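# build me a model from this:
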Amino acid sequence: MELKPAFLAIAVLCLGLPPAALSQRAPPPVAETPEPAPAPRHVNLTDLLSLAGPYGTFLDYLVRTDVIRTLQSQADAPGGQGVTVFAPEDSAFAAVGGAALPGLAADQLRALMLCHAAPRYHPLSSFAALAAAPGPVLPTLAGGEQCTVNITYTAGRIRVASGWTRAARLVSSVYSTPPVAVYALDRVLLPRELFPNEPAVAPVPAPAPPARGGDAADGAPAGTGHGFSRSPSCRVGAGRVLVGHLTLLASVFLMM
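Just a heads-up that it's a prediction; the model follows:
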């Protein structure tokens with residue numbers, strides 16, 4: 001019976017201690033879990049090219065050669081580097097000879113379409129560095145060197161060149177969000193390996209300046225002093241002189 005006060009005293013002391021003093025092991029710290037990185041945005045290239053503008057011809061060739069599936073797989077590859085597509089406008093395909101593209105074999109046409117895509121996402125800000133690098137700097141999905149292209153960057157204008165064809169101008173950025181970039185071109189990229197017999201596109205000659213000092217439309221050289229002017233005013237003046245002479249002769253005849 002004498003032990004009860006001792007037990008009561010110990011119980012009172014335990015109640016007065018903080019909870020941390022009663023526990024033998026401190027609770028483990030709570031580790032903060034980092035937020036997962038956002039997944040790459042899925043872009044349907046078929047819908048994009050269908051709705052973005054005048055790229056129906058390009059999309060038709062991509063679907064016909066099944067290159068659209070290759071581009072979509074490159075864009076959707078987990079952990080991949082993305083894809084950059086150079087999309088010629090419909091007017092660019094219209095400028096190519098009517099039988100040039102339909103005359104290609106199936107594997108050649110597929111290679112040509114693959115020449116219009118790079119296996120990496122390239123934002124607009126990267127083209128200045130690409131232009132400064134020596135030699136062909138941009139490999140394409142066609143593989144090898146047959147469709148490797150050059151980039152030029154002058155006064156804010158970006159051009160893409162390949163093979164014999166004149167450099168295509170990058171008209172606008174259709175879409176540029178990782179992992180997909182699509183840029184509009186005003187020309188079709190035609191590598192020399194696929195078009196060995198095609199001549200280079202000649203520049204359009206400037207219009208001749210208008211002739212001065214004469215009526216060039218009538219065939220008389222201006223300023224040479226040869227030939228008669230055939231302007232309406234001269235013809236009218238000559239007619240008036242002839243009428244005056246006839247009137248004078250008629251008056252003299254009547255007076256006789």
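
# in its sheet, what does the longest strand that the chain contains sit against?
Determined from DSSP state E, the single longest strand within the chain is strand 168-177. As defined by DSSP bridges, the strand partners of strand 168-177 come to strand 157-161 (antiparallel), strand 180-185 (antiparallel).

# for those, which one ends up most surrounded?
When the strands paired with strand 168-177 are scored by mean count of other Cβ atoms under 10 Å, the highest mean neighbour count falls to strand 180-185 (a mean of 23). Where you see a C-beta, it was placed from the backbone N, CA and C, and this is true even at glycine.

# lowest average pLDDT across the strands paired with strand 168-177?
Lowest mean pLDDT of the strands paired with strand 168-177: strand 157-161, a mean of 92.

# export the strands paired with strand 168-177 to CSV and tack on distance to H122?
Shown next, in CSV, are those (distance: least, Cβ to Cβ, whole Å):
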stretch, distance to H122
strand 157-161, 11
strand 180-185, 6
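
# buried ones in the longest strand of the chain?
Residues of strand 168-177 classed as buried: A168, L170, V171, V174 (neighbour count, 16 or more other Cβ atoms under 10 Å).

# do you know how far the nearest residue to the last one once chain neighbours are set aside is from R69?
Spelled out, it's V174. Residue nearest to V174 in three dimensions, not counting chain neighbours: V182, with 4.1 Å by Cβ to Cβ, 6 or more residues apart in numbering. According to Cβ to Cβ, to the nearest Å, V182 and R69 sit 16 Å apart.

# swap in R169?
Distance from R169 to R69, by Cβ to Cβ: 29 Å.

# do A75 as well
Distance from A75 to R69, by Cβ to Cβ: 11 Å.

# so the two - more neighbours on which side?
A75 (24 against 13; other Cβ atoms under 10 Å).

# next secondary structure after the helix or strand hosting that one?
Using DSSP states H and E, A75 falls within helix 67-76. Next in sequence after helix 67-76, counting helices and strands by DSSP H and E, comes strand 83-88.

# okay, now the unreliable bits of the stretch 151-256 of the chain?
Applying pLDDT under 70 to the stretch 151-256 of the chain picks out residues 163-164, 196-256.

# this structure: helices as residue ranges?
Taking DSSP state H as the criterion, the chain carries its helices at 4-16, 19-22, 45-52, 56-64, 67-76, 90-95, 106-114, 127-132, 232-255.

# and the ones you listed, which one's lowest on average pLDDT?
The bottom spot among the helices of the chain, by mean pLDDT, belongs to helix 232-255, with a mean of 42.

# OK, contacts around the nearest residue in space to R159 that is not next to it in sequence?
Spatial nearest neighbour of R159, chain neighbours left out: A167 (3.9 Å); criterion: Cβ to Cβ, 6+ apart. Going by Cβ atoms under 8 Å, 6 or more residues apart in numbering, A167 touches N150, T152, R159, V160, A161, R187.
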